[in-house]
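Novice: model this:
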Amino acid sequence: MLQVSELESGYGPMQVLWKPSIRVRKGTITSLLGPNGVGKSTFLMTVFGSVTPWSGKIIYEGEEVTHLPTHIKVDKGLTLVPEGKHLFGGMTVYENLMMGAYLKRAQQYREESLELVYSLFPRLKERGKQLAGSLSGGEQQMVTVARALMSKPKMIMLDEPSQGLAPLLVQHVFETIQKMKAQVGLTILLVEQNADASLAATDYVYVMHEGRIKAEGTPEDIKSSDEIREAYLGL
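Specialist: Numbers count the residues shown, from 1 in each chain. Alright, predicted model coming up:
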């Protein structure tokens, strides 16, 4: 569904990505793992178009989208949930969710999408009239992911969805990610520092270090390599 080949990008004169290549198959969860500061978030933002690619190629559903603007990529069903909780704090949970359904394609499925979101995150239905800014950190993260689902995506990229959450909430987040694949049929590209939780939930893994892909394989492949686990994942 997504194929990225030898992608280069950065900020000003500083190069961050040094030709990483990955492939994300339709209907799977693919994880991009590695310690903080190695270029994982930059990779997602470059694929999404928030950071301009310097070179390389991005193919999405058989079409080259390397230099397409972000809003066109969203219209094609590709969306990104960035790191952190980027909510409208003075608006209710329901209003934040409705902001996610702004695309014409998504508007006609708004009620259907809302029911789906509530089935994945029952607590959001209870909190519908509450201001988003008054929610707990875990609940705000739920709203952030749920709002992205309201855009009716085909593929969703998640950047550190478990960051700063208590262990019990981390487990809930990863269970929900697996439901998004199994029940909704979404294709998911997941960036995480929490290697243990990611390896338990994912179908295929890439390990990034210093802007390059250093290893790839199934979760079993990665877990069975002491060198990879110790050098890049801290396990």
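
Novice: what about residue 151, how many neighbours?
Specialist: Neighbourhood size, residue 151 [other CB atoms under 10 Å]: 21. (C-beta placed from N, C-alpha, C; glycine too.)

Novice: contact partners for it?
Specialist: Shown in contact with residue 151 (CB atoms under 8 Å, 6 or more residues apart in numbering): 74, 79, 100-103, 106.

Novice: how about a cut-off of 6 Å?
Specialist: For residue 151, the contacting residues are 79, 100, 103, 106, by CB atoms under 6 Å, 6 or more residues apart in numbering.

Novice: got JSON lines for those, with neighbour count too?
Specialist: Below are the contacts of residue 151 laid out as JSON lines (neighbours: other CB atoms under 10 Å):
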{"residue": "79", "neighbour count": "24"}
{"residue": "100", "neighbour count": "24"}
{"residue": "103", "neighbour count": "18"}
{"residue": "106", "neighbour count": "19"}
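
Novice: between those residues, which sits nearest residue 234?
Specialist: Nearest to residue 234, judged by CB to CB, of those is residue 79 at 29.6 Å.

Novice: for the residue nearest the centre of the chain, which three-state class applies?
Specialist: Taking CA atoms, centre = their mean as the criterion, residue 158 is the residue nearest the geometric centre of the chain, at 1.3 Å. What DSSP: H, G, I helix; E, B strand; the rest coil gives for residue 158 is strand.

Novice: could you list the domains of the chain?
Specialist: Domain assignment for the chain by automatic domain parsing gives 1-77+155-235, 87-153.

Novice: would you turn those domains into a markdown table with mean pLDDT?
Specialist: Converted to a markdown table, these look like this (pLDDT from 0 to 100):
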| stretch | mean pLDDT |
| --- | --- |
| domain 1-77+155-235 | 93 |
| domain 87-153 | 91 |
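
Novice: would you map the strands across this protein?
Specialist: Taking DSSP state E, the strands of the chain run over residues 2-11, 14-18, 22-24, 29-33, 55-60, 63-64, 78-81, 155-159, 187-192, 204-209, 212-217.

Novice: ok, and the closest non-adjacent residue to residue 193?
Specialist: Distances taken as CB to CB, 6 or more residues apart in numbering place residue 36 nearest to residue 193, at 6.1 Å, with adjacent residues excluded.

Novice: got the buried residues for stretch 159-169?
Specialist: Across stretch 159-169, burial judged by 16 or more other CB atoms under 10 Å covers 159-163, 165, 169.

Novice: cool, and stretch 128-138?
Specialist: Neighbour-count burial for stretch 128-138, counted by 16+ other CB under 10 Å, picks out 131-132, 135, 138.

Novice: then stretch 22-42?
Specialist: Within stretch 22-42, the residues scored as buried using 16+ other CB under 10 Å are 22, 24, 28-34, 38-42.

Novice: which helix in the protein has the most residues?
Specialist: The longest helix of the chain (DSSP state H) is helix 167-182.

Novice: residue 190 contacts residue 32, correct?
Specialist: No - between residue 190 and residue 32 there is no contact under CB atoms under 6 Å: 7.0 Å.

Novice: separation between the residue nearest to residue 66 when sequence neighbours are not counted and residue 50?
Specialist: In space, residue 66 comes closest to residue 58 once its chain neighbours are excluded; the distance is 4.5 Å by CB to CB, 6+ apart. Noted for residue 58: a distance of 13 Å to residue 50, by CB to CB, to the nearest Å.
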